[in-house]
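> structure for the following, please:
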Amino acid sequence: MRIALIGRSEILYDTAHALRALGHEIAVVVTAKEAPEYTRSLEDFKQLASACNAPFFHAPSMQDRQAVLQQLASLPPMDIGISYNYTGVIPQTIIDLFPLGILNAHGGDLPRYRGNACQAWAIVNGEERIGLCVHRMVGGELDSGDIVAREYLALVEETSITEVVQWMGERIPVLFTQGLSALARDPSFVVERQSTNPADALRCYPRKPEDGRIDWSSSAANILRLINASNKPYAGAFCHYEGKLMIIWKASIIRDEERFVAVHGQVMRIGEDCIDVATGDGKLRIFTVEYDGTVGTPSAFIRSIRKRLGAGVQHA
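The predicted structure is shown next:
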């Protein structure tokens with residue numbers, strides 16, 4: 001197939017190589033400036049387009065994006081578009097340029113989880129699984145359109161967004177190739193038609209670094225979910241200790257029989273490679289922190305059970 005590659009990130013970059021390995025042709029590359037956490041840049045996509053002998057378009061603003069997308073209409077016919085993490089909603093007039101439409105990969109359990117940061121929200125909400133869907137795009141709509149390929153990742157208490165992002169990076173190129181193969185055999189192929197009932201959808205909005213602020217009066221389960229949902233490649237869940245930012249990268253819930261009274265955030269025990277902290281409901285054991293720019297065990301920085309972790313300072 002002749003394919004328009006539309007979007008950003010190393011996942012889309014790897015997808016392009018997977019498609020080429022199967023004999024598909026990247027006929028044009030449309031991208032925008034990378035997000036800070038991406039490992040593939042605008043320049044990488046420019047070099048990719050050059051290697052494919054394909055036109056390259058960079059759209060730094062909404063107005064420019066619309067202009068660039070319109071230029072697709074002037075190119076030789078293409079079969080389908082592949083989109084991931086593009087920075088704007090693609091209009092139906094552009095989707096209609098491709099006989100098989102445009103496919104988008106969405107890291108959320110459609111038809112429920114739609115919008116931004118769905119993987120982090122699923123962890124925060126304590127879901128039992130995260131969906132990964134390749135679906136047809138519908139112009140002017142968000143994460144709607146029929147699903148043509150799908151997988152799930154089971155979430156357990158310890159699952160972090162780091163693991164989810166790694167899973168998505170490994171599986172999205174595979175799901176795109178599966179979806180293309182299915183549509184090549186049957187252009188009307190569908191795994192599931194998405195509901196158009198608004199009651200079936202949960203609109204997710206973006207998360208920001210300051211959303212990782214830890215409230216020690218919350219339960220140990222909720223704090224652990226926040227730590228896991230804010231983990232790398234993102235900024236991390238944070239509090240403060242003696243006036244400086246402390247990011248918590250790894251923790252677990254302690255389930256024991258001790259009855260206690262303590263101010264939330266109280267350091268309860270200092271072990272060789274961890275500390276235990278009182279929360280609003282239970283204890284949290286913390287294994288890895290980043291304090292004053294240094295990553296290590298919390299016991300390397302906290303040496304007295306008379307210390308407390310605070311509610312947080314402004315994240316840089």
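> next SSE after the top strand by length along the chain?
Longest strand in the chain, counting residues (DSSP state E): strand 244-254. Remark: after strand 244-254, the chain's next helix or strand is strand 267-270, criterion DSSP states H and E.
> quick check: buried residues in the helix or strand encompassing Gln47?
Gln47 belongs to helix 42-51 when elements are defined using DSSP H and E. For helix 42-51, burial by neighbour count (16 or more other CB atoms under 10 Å) applies to Asp44, Phe45, Leu48, Ala49. All C-beta spots, glycine's among them, are computed from the backbone N, C-alpha and C.
> what of stretch 110-118?
Neighbour counts using 16+ other CB under 10 Å place Leu110, Pro111, Arg112, Tyr113, Arg114, Gly115, Ala117, Cys118 of stretch 110-118 among the buried residues.
> again, but for stretch 206-223
Arg207, Asp211, Gly212, Arg213, Ile214, Trp216, Ser218, Ala220, Asn222, Ile223.
> and the furthest pair within the residues you listed?
Arg207 and Ala220 (21.0 Å; CB to CB).
> please state the offset of the longest strand of the chain from the chain centre?
How far strand 244-254 lies from its chain's middle: 21 Å, per CA atoms, centre = their mean, to the nearest Å.
> now that strand: average pLDDT?
Taken as a whole, strand 244-254 has a mean pLDDT of 97.
> over to stretch 292-302?
Rounded mean pLDDT across stretch 292-302 is 95.
> and it, C-alpha only, in CSV?
Taking C-alpha atoms only, stretch 292-302 is exported to CSV below (Å, rounded to 0.1, in the frame of the first residue of the first chain):
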residue,chain,number,x,y,z
ASP,A,292,18.0,17.4,45.1
GLY,A,293,18.8,16.0,41.7
THR,A,294,20.3,12.7,43.0
VAL,A,295,18.6,9.3,42.5
GLY,A,296,18.9,6.8,45.3
THR,A,297,17.3,5.0,48.2
PRO,A,298,15.4,7.3,50.6
SER,A,299,17.4,6.0,53.5
ALA,A,300,20.4,7.7,51.9
PHE,A,301,18.7,11.1,52.5
ILE,A,302,16.4,10.5,55.5
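> buried sites along it?
Neighbour-count burial for stretch 292-302 [16+ other CB under 10 Å]: Thr297, Pro298, Ser299, Phe301, Ile302.
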